[in-house]
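**Q** here is the input, now give the coordinates:
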Amino acid sequence: MKFLTMIAALALPTAAFATPMPLDETEATPAMHLIQVAEAPELPFGAPQEAGYCGQAVDPLPDVLTLSLDDEGAALLAFCVVEQVRTTLTFETHGPGLTEITGSVAAWLAPSTRDGLLTVFVQHTSCSLLIQENADPDVQVDLGAYFDRLVPAADHPRMDYLRHTLEGPDDMPAHIKAALLPVSVQVPVAAGRMMLGTWQGLYLFEHRTRPHRRSVAVHFAADPT
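**A** Numbers count the residues shown, from 1 in each chain. Sure thing, here's the model as predicted:
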């Protein structure tokens with residue numbers, strides 16, 4: 001889904017204006033909309049008494065925001081729009097361990113040529129998201145072994161204090177691991193590409209013993225133009 005968020009110029013109160021504005025998915029070009037503000041003596045810093053959309057979208061989006069007065073003294077406030085895109089990706093894990101998702105996320109992001117910020121968020125409570133080394137697979141094995149020793153299965157003698165065991169001996173330890181590790185990451189984007197380091201990859205860290213289908217929400221907010 002693609003949508004635009006309007007950002008107000010100057011210090012005018014924006015409660016009436018700064019509502020996310022849906023954009024038809026077939027329309028990809030950001031646009032500028034003019035908001036006509038009723039005349040008020042304290043403009044530009046006073047609270048406008050009423051407002052509404054006027055005119056048509058202007059394309060292309062200008063580089064600066066403007067505030068001007070029409071012939072009757074009413075303020076015309078120019079808003080810029082920030083292009084944002086979001087979706088949900090689905091991944092199949094293969095039991096406990098790390099599953100790399102860098103390629104899938106990069107492919108989704110690829111149509112963009114903008115700079116901005118990418119947010120990736122896993123929608124579950126028994127797996128995590130990590131940025132980790134993508135060169136030596138032993139790193140992933142060692143990470144899994146470490147967290148299994150840190151938080152063993154519920155039927156281990158060290159874990160006999162656990163009460164939530166109805167969903168299997170791996171379930172509550174999976175929740176604990178997810179509480180210790182991140183479930184979201186943010187990555188800066190330059191010209192449509194994630195600015196990951198040479199040996200960095202984006203991974204789902206599955207904490208359950210069985211394979212699972214995991215949903216990952218991704219959101220890209222382009223820098224204002």
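
**Q** what segments of this structure are strands?
**A** 2-7, 21-22, 32-37, 51-58, 67-69, 75-92, 97-100, 116-122, 127-133, 184-190, 193-194, 200-206, 213-222 (DSSP state E).

**Q** surely T99 and F91 touch.
**A** Yes. Judged on Cβ atoms under 8 Å, T99 makes contact with F91 at a distance of 6.3 Å. All C-beta atoms are positioned from the backbone trio N, CA, C, and that covers glycine.

**Q** joint contacts of the two?
**A** Counting by Cβ atoms under 8 Å, 6 or more residues apart in numbering, the common neighbours of T99 and F91 are L204.

**Q** contacts only, for M172.
**A** With Cβ under 8 Å, 6+ apart, M172 has these contacts: 154, 159, 162, 164-165.

**Q** go with 7 Å
**A** Applying Cβ atoms under 7 Å, 6 or more residues apart in numbering to M172 gives the contacts 154, 162, 164-165.

**Q** name the member of those residues with the most neighbours.
**A** Highest neighbour count within the contacts of M172, by other Cβ atoms under 10 Å: A154, with 22 neighbours.

**Q** what is the nearest of the contacts of M172 to A178?
**A** Minimum separation from A178 among the contacts of M172 (Cβ to Cβ) is found for H164, which lies at 13.3 Å.

**Q** count the neighbours of V189 for me.
**A** 20.

**Q** so for it, what's the pLDDT?
**A** At V189, the pLDDT value in this model is 97.
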